[in-house]
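Asks: For reference, the sequence and a predicted model appear below.
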Amino acid sequence: MQSNTQTQYNHLTKDLQNVVTDAEELLKAVGREGDAKLSEVRTRVQASLSSAKETLGEVQETVRAGTQKAIATTDTYVHDHPWQAVGVGAAVGLLVGFLAARR
């Protein structure tokens with residue numbers, strides 16, 4: 001799952017870079033070219049933005065699925081080992097309290 005998320009993140013980053021590049025070109029074209037060039041660049045910007053939105057949706061779905069799996073696993077563990085879960089919670093609470101008191 002981590003590799004898939006990383007791949008989607010890299011793809012999303014590339015798509016967003018394409019959107020920025022195309023938007024910059026669109027701004028330049030507005031200043032110096034006519035409607036034909038502007039229309040072409042606008043189409044590319046829209047395609048890049050659509051691709052970035054799609055990838056973002058895929059990343060969101062992957063993260064959501066991973067989060068749900070982690071929640072289910074944690075719930076099962078806590079039901080199977082309640083005293084260990086209480087001990088871990090107390091230890092984390094003590095650590096956070098100790099660190100907060102130091103500041």
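Replies: That came through fine.

Asks: okay, CA-based contacts and neighbour counts for the rest of this
Replies: Will do.

Asks: longest helix of the chain?
Replies: In the chain, assigned by DSSP state H, the helix with the most residues is helix 35-80.

Asks: Just list what that helix packs against, helices and strands only.
Replies: helix 2-32 (3 or more CA pairs under 8 Å, 6 or more residues apart in numbering; DSSP states H and E).

Asks: what is the mean pLDDT for the helix it packs on?
Replies: For helix 2-32, mean pLDDT rounds to 73.

Asks: which other helices and strands contact that helix?
Replies: helix 35-80.

Asks: I'd like to know how many residues surround residue 38.
Replies: Counted by other CA atoms under 10 Å, the residues lying close to residue 38 total 19.

Asks: Per-residue pLDDT of it, please?
Replies: Residue 38 is given a pLDDT of 70.

Asks: So it is in contact with residue 25, correct?
Replies: No - counting by CA atoms under 8 Å, residue 38 stays clear of residue 25, with 9.2 Å between them.

Asks: What's the separation between residue 40 and residue 29?
Replies: Distance, residue 40 to residue 29, using CA to CA, to the nearest Å: 10 Å.

Asks: cool, residue 59 as well?
Replies: Residue 59 is 32 Å from residue 29, by CA to CA.

Asks: what's the distance between residue 25 and residue 42?
Replies: 9 Å.

Asks: how close does residue 45 sit to residue 79?
Replies: From residue 45 over to residue 79 (counting by CA to CA), the distance is 51 Å.

Asks: Between the two, point out the one with more neighbours.
Replies: The neighbour count for residue 45 versus residue 79, taken as other CA under 10 Å, is higher for residue 45 (21 against 11).

Asks: quick one: pLDDT of that one?
Replies: pLDDT, residue 45: 74.

Asks: got the contact list for the residue lying closest to it once chain neighbours are set aside?
Replies: Spatially, and ignoring its direct neighbours in sequence, residue 45 is nearest to residue 22 (5.3 Å; CA to CA, 6 or more residues apart in numbering). Contact analysis of residue 22 by CA atoms under 8 Å, 6 or more residues apart in numbering lists 41, 44-45, 48.
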